[in-house]
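Colleague: any chance you can model this:
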Amino acid sequence: MLKRSCLAAALWFAILTSPASAQTTGYYFTYADLQKIFVENQQYFVLNDEGFNNPALNHLHFTAIDTNTGAFTGTLWAPVLQPNEPQTVVPVTGSLTIHDGVSSLGLSSDNGNYYEIAFSWILNGTCQGTEASYHGAISFRGYQGAKMTGLVGGTVTSTYSACGIGILPYSPQPFSGILTK
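Modeller: Numbers count the residues shown, from 1 in each chain. Predicted coordinates:
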């Protein structure tokens, strides 16, 4: 027990003293800034469903962001689907919402904006259908060269339907992702 406590304390110290955690400045991005990061610079999220399936190929790519409203279109590249469904590129629609100077708890914050994300997709097969809706938030961690680093996390609500079976809910489940290029 003492050994695990010491290891946990050492890990916590390493996280607190790492250069990435030294970033305390918040970000006040606009939708135009998000358009530049996600669309122009082609950065995307590698998504993880926290162990419910093999998420190794799930990538959320943004193709367009409305710089007035935050509405976006994109693709979920090679999503993990139910058996008998081929992996494919699935179109997604969603919205980014910037909460000016507000923390994730809705409190006034000096640490930048709160960036909410919601997106969904539907895939209808011959006798099967899958759909999912994601809702979460984005945390920007800072630039490494020209590349922004960040995380996304939240919950996903999904259903699977098949002929003669009806709709099977697979949710809610947590999801997270890492911003990469």
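Colleague: okay, now the unreliable bits of this structure?
Modeller: Residue ranges of the chain with pLDDT under 70: 1-25, 49-57, 78-87, 102-111, 126, 164, 166-170.
Colleague: do that again at 90, thanks
Modeller: For the chain, applying pLDDT under 90 flags the ranges 1-28, 46-59, 76-90, 99-114, 121-133, 142-143, 145-146, 155-177, 181.
Colleague: which parts of this protein are strands?
Modeller: Along the chain, counting by DSSP state E, strands occupy 44-48, 59-65, 71-77, 89-99, 114-124, 128-144, 147-162, 166-169, 173-180.
Colleague: adding distance to Tyr31 and mean neighbour count, write those out as JSON lines.
Modeller: For every residue, glycine as well, the C-beta is placed using N, CA and C. Output for the strands of the chain, formatted as JSON lines (distance: least, Cβ to Cβ, whole Å; neighbours: other Cβ atoms under 10 Å):
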{"stretch": "strand 44-48", "distance to Tyr31": "17", "mean neighbour count": "20"}
{"stretch": "strand 59-65", "distance to Tyr31": "6", "mean neighbour count": "19"}
{"stretch": "strand 71-77", "distance to Tyr31": "9", "mean neighbour count": "19"}
{"stretch": "strand 89-99", "distance to Tyr31": "7", "mean neighbour count": "16"}
{"stretch": "strand 114-124", "distance to Tyr31": "10", "mean neighbour count": "18"}
{"stretch": "strand 128-144", "distance to Tyr31": "13", "mean neighbour count": "18"}
{"stretch": "strand 147-162", "distance to Tyr31": "15", "mean neighbour count": "17"}
{"stretch": "strand 166-169", "distance to Tyr31": "33", "mean neighbour count": "10"}
{"stretch": "strand 173-180", "distance to Tyr31": "17", "mean neighbour count": "18"}
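Colleague: let's have those in a markdown table, adding distance to Tyr27.
Modeller: Below are the strands of the chain laid out as a markdown table (distance: least, Cβ to Cβ, whole Å):
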| stretch | distance to Tyr27 |
| --- | --- |
| strand 44-48 | 16 |
| strand 59-65 | 16 |
| strand 71-77 | 18 |
| strand 89-99 | 10 |
| strand 114-124 | 8 |
| strand 128-144 | 5 |
| strand 147-162 | 9 |
| strand 166-169 | 36 |
| strand 173-180 | 12 |
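Colleague: out of these, which is closest to Thr30?
Modeller: Across these, Thr30 has its closest neighbour in strand 89-99 (7.3 Å, Cβ to Cβ).
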